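In: give me the fold of what follows.
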Amino acid sequence: MTITTLSSRELNHDVSSAKKAAQNGPVVITDRGKPSHVLMTYDEFRRLSGKRRSLTQALAMPGLSDIDFDPPRVEIAPRGVDLS
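Out: Just a heads-up that it's a prediction; the model follows:
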């Protein structure tokens, strides 16, 4: 994936080259030197904003069983309360 950066002026002068560049990866459009927008293909947009999964579906994804995850147990002790 190639990330291309264009100023808003460059985009306005040559939209077709920006669209061609978006075929190879996102095109970052800058406004006064700062990133302001991203141009991408509609297929890439759909892939990134696709159907949301439930937590159980996400955890059932292939390959996740190979990840070792053993967080340390946390003990939560009650504290005394001063009601005076």
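In: which residues touch Val27?
Out: Going by Cβ atoms under 8 Å, 6 or more residues apart in numbering, Val27 touches 3-6, 18, 21, 38-40. Bear in mind the C-beta positions are built from the backbone N, C-alpha and C, glycine included.
In: filter those to the buried ones?
Out: The neighbour count (16 or more other Cβ atoms under 10 Å) marks 4, 6, 18, 21, 39 as buried among these.
In: what pLDDT does the residue nearest to Ala22 when sequence neighbours are not counted get?
Out: Nearest residue to Ala22, sequence neighbours excluded (Cβ to Cβ, 6 or more residues apart in numbering): Leu39, at 5.0 Å. pLDDT for Leu39: 96.
In: ok, which stretches of this structure are strands?
Out: For the chain, the strands defined by DSSP state E occupy 4-7, 27-31, 34-39.
In: closest one to Met61 among these?
Out: For Met61, the closest of the strands of the chain is strand 34-39, at 26.1 Å, according to Cβ to Cβ.
In: look up which residues are beta-bridged to the residue nearest to Ala22.
Out: In this entry, Leu39 is beta-bridged to Val27, by DSSP bridges.
In: now do the buried residues in the lowest-mean-pLDDT helix or strand in the chain.
Out: Every helix and strand of the chain was ranked by mean pLDDT, DSSP states H and E. The lowest is helix 55-59, at a mean of 80. Judged by neighbour count (16+ other Cβ under 10 Å), helix 55-59 contains no buried residues.
In: distance of Asp82 from Thr56?
Out: Using Cβ to Cβ, to the nearest Å, Asp82 is found at 44 Å from Thr56.
In: now swap in Lys19 and tell me
Out: For Lys19, the distance to Thr56 equals 39 Å [Cβ to Cβ].
In: if we can go back for a sec, ok, the residue nearest to Ala22 - contacts?
Out: With Cβ under 8 Å, 6+ apart, Leu39 has these contacts: 11, 18-19, 22, 26-27, 29.
In: same thing with Pro62?
Out: Contacts for Pro62 (Cβ under 8 Å, 6+ apart) come out as none.
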